[in-house]
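Visitor: the following comprises the amino acid sequence and a computationally predicted model.
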Amino acid sequence: MSAVDDAARARQALQPDGARRRRYAAPPGEESIGVARLLASWRYALATCNPPRGGVDPVTRWLVLTRACSQPMTLTAAAFAGLLAVRAPGFNAWLYALAAVGIVVAHASNNLMNDVFDMDVGADTQDYPRALYAPHAILSGMTTRAGLMRAAVATNVVDLAIMLVLLYYRGWPVVAFAVAGVLISAAYAAPPLRLKKRGLGEPSVLVIWGPLMVGGTYFAATGHIGWAVIAASIPYALLATAVLMGKHIDKLPWDRKRGIGTLPVRLGEALSRQVTMGLMVAFYVAVVGLVAVGWLPLAALVALLGITRLIPVLRNYSRPRPDQPPPGYPIWPLWYAASAFVHTRRAGALLVVGMIAGTVLTPLGPLHGLATQ
């Protein structure tokens, strides 16, 4: 039995019956669904990127369409940027909140557009991992290409409105951050560049989750930025890149056959697993280094507690993926990506906790001189 067959069988067992849009139609009397059931449905979609068995409500459908299970990475980046900025001169809480909403919406928009672009170039099919670990927006019948495009346009309109407000208050650099993010995000999957096909998708994630997300949000909140902020944005960006590396390792057998030259395809599985482990370890090295030079507060070392989660993840990366998913495993054939994501969520949350503690304990004034570096 091939890996594709195994994945398809596991995927079928975990999804509601049927493969067309009726599978996701709300059942009669949806208005009577209790709050507890709704919350459970949302939690399941946020945890697995999959809908629960049976009909789904509009919010759950949106969470699945936008793959909102990956949003904790963006929320952590937004929180980290705010904590870097909160003591800086010129900090504006309202503008910070607006920028934070903007990057969350941009992440949703990027996921929607990637599904459109990958469908257009023939990369996403029923036997490709994108349609196996979670319902593909179009292939599953959740929506049509036109419907997906309308959703992508709507999210981009929201972000355009946010950008114009921030432009009014903070000036042209806001546009530079926003346009760079849009261009790199679109080029990730869209022709003619298709960065992920050329081994540049992983570096693009490092740029987006670091200097663009954290740096751009910091600038929107304060109206200025320095190299120390850019440096401080790198550790968490390393973790986000590790998640994508893990995902591309999981997809390597399919990508190699299709000529999609991700870094794992170019490096091979064994070396790619080592590189990904290096990215996760580098997060801790970078945090210690930034604390040592005074660009992060001492309390940020709380993030080192994430090593307790890192150890089993490194053990997982040190051996090949199992041939079969564990019982009840919801996102097969993703395996390494899930491990990296669990670690990223833990380490990122601890970094935010450390930043909160550092902000509270630091005397009034710019946090560790970030505004002047």
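Guide: That came through fine.
Visitor: Ala300: what secondary structure?
Guide: helix (DSSP: H, G, I helix; E, B strand; the rest coil).
Visitor: quick check: which element contains the nearest residue to it once chain neighbours are set aside?
Guide: Distances taken as CB to CB, 6 or more residues apart in numbering place Gly354 nearest to Ala300, at 4.1 Å, with adjacent residues excluded. Glycine gets a C-beta too; all of them are placed from N, C-alpha and C. Here Gly354, judged by DSSP states H and E, is contained in helix 336-361.
Visitor: which strand or helix spans His224?
Guide: Per DSSP H and E, there is no helix or strand for His224.
Visitor: coming back round to it: same question for the helix holding Gly354, mean pLDDT?
Guide: Per-residue pLDDT over helix 336-361 has a mean of 94.
Visitor: same question, stretch 195-211
Guide: Rounded mean pLDDT across stretch 195-211 is 93.
Visitor: for it, list every residue counted as buried.
Guide: By neighbour count with 16 or more other CB atoms under 10 Å, stretch 195-211 contains the buried residues 195-197, 199-202, 204-211.
Visitor: pLDDT score assigned to the residue most central in space within the chain?
Guide: Centrality entry for the chain: nearest residue to the mean C-alpha point is Ser70, 4.3 Å, by CA atoms, centre = their mean. At Ser70, the predicted lDDT confidence score is 91.
Visitor: go on, Trp295?
Guide: So Trp295 comes in at 92 (pLDDT).
Visitor: was I right about it contacting Ile230?
Guide: No: using CB atoms under 8 Å, Trp295 is not in contact with Ile230, being 10.1 Å away.
Visitor: more neighbours: which of the two?
Guide: More neighbours surround Trp295 than the other of Trp295 and Ile230, with 21 against 15 (other CB atoms under 10 Å).
Visitor: state the distance from the residue nearest to that one when sequence neighbours are not counted to Asp118.
Guide: Excluding the flanking residues, the one nearest Trp295 by CB to CB, 6+ apart is Ala228, at 4.6 Å. Taking CB to CB, to the nearest Å as the measure, Ala228 falls 37 Å from Asp118.
Visitor: then Leu167?
Guide: Look at Leu167 and Asp118: by CB to CB, they are 31 Å apart.
Visitor: which one of those two is surrounded by more residues?
Guide: For Leu167 versus Asp118, the count of surrounding residues by other CB under 10 Å is larger for Asp118: 21 against 15.
Visitor: which SSE is the more buried one in?
Guide: helix 93-120.
Visitor: list the residues that contact Arg258.
Guide: Ala123 (CB atoms under 8 Å, 6 or more residues apart in numbering).
Visitor: quick one: pLDDT of it?
Guide: pLDDT, Arg258: 88.
Visitor: any idea how far it lies from Ala189?
Guide: Distance, Arg258 to Ala189, using CB to CB: 13 Å.
Visitor: what is in contact with these two at once?
Guide: Common neighbours of Arg258 and Ala189 (CB under 8 Å, 6+ apart) are Ala123.
Visitor: how close does the nearest residue to Ala152 once chain neighbours are set aside sit to Thr217?
Guide: Leaving out its chain neighbours, the residue that sits closest to Ala152 by CB to CB, 6+ apart is Leu112, at 4.2 Å. Distance, Leu112 to Thr217, by CB to CB: 21 Å.
Visitor: so those two - more neighbours on which side?
Guide: Thr217 (28 against 24).
Visitor: what's the helix or strand hosting that one in contact with?
Guide: Element membership for Thr217, per DSSP H and E: helix 216-222. Residues outside helix 216-222 that contact it (CB under 8 Å, 6+ apart) are 77-78, 81-82, 84-86, 88-93, 95-96, 98-100, 102-103, 166, 170, 173-174, 177-178, 181, 225, 229, 371.
Visitor: switch the cut-off to 6 Å
Guide: Residues from elsewhere that reach helix 216-222, judged by CB atoms under 6 Å, 6 or more residues apart in numbering: 78, 81, 84-85, 88, 90-91, 95-96, 99, 166, 170, 173, 177, 225, 229.
Visitor: quick one on the thing from earlier: now, the buried residues of stretch 195-211 that are in helices?
Guide: Gly201, Glu202, Ser204, Val205, Leu206, Val207 (DSSP state H).
Visitor: export those residues to CSV and tack on distance to Ser140?
Guide: Shown next, in CSV, are those (distance: CB to CB, whole Å):
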residue, distance to Ser140
Gly201, 24
Glu202, 27
Ser204, 27
Val205, 25
Leu206, 31
Val207, 31
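Visitor: contacts only, for Pro51.
Guide: Pro51 neighbours (CB under 6 Å, 6+ apart): Thr60, Val64.
Visitor: returning to what we had before: quick check: mean pLDDT across the helix holding Thr217?
Guide: Summarised as a single mean, pLDDT over helix 216-222 is 97.
Visitor: skip ahead from that helix and say which helix or strand is next.
Guide: Heading C-terminal from helix 216-222 (DSSP H and E), you reach helix 227-232.
Visitor: would you indicate which residues of that next one are buried?
Guide: For helix 227-232, the neighbour count (16+ other CB under 10 Å) marks Ala228, Val229, Ala231, Ala232 as buried.
Visitor: name the nearest residue to the second one, ignoring sequence neighbours.
Guide: To tie it back to what came earlier, the one meant is Val229. Val229's closest residue in space is Tyr218 (CB to CB, 6+ apart), at 5.2 Å.
Visitor: any stretches of the stretch 51-200 of the chain with poor pLDDT?
Guide: 54-55 (pLDDT under 70).
Visitor: now do the strands in it.
Guide: With strands called from DSSP state E, counting those that start in this stretch, the stretch 51-200 of the chain shows none.
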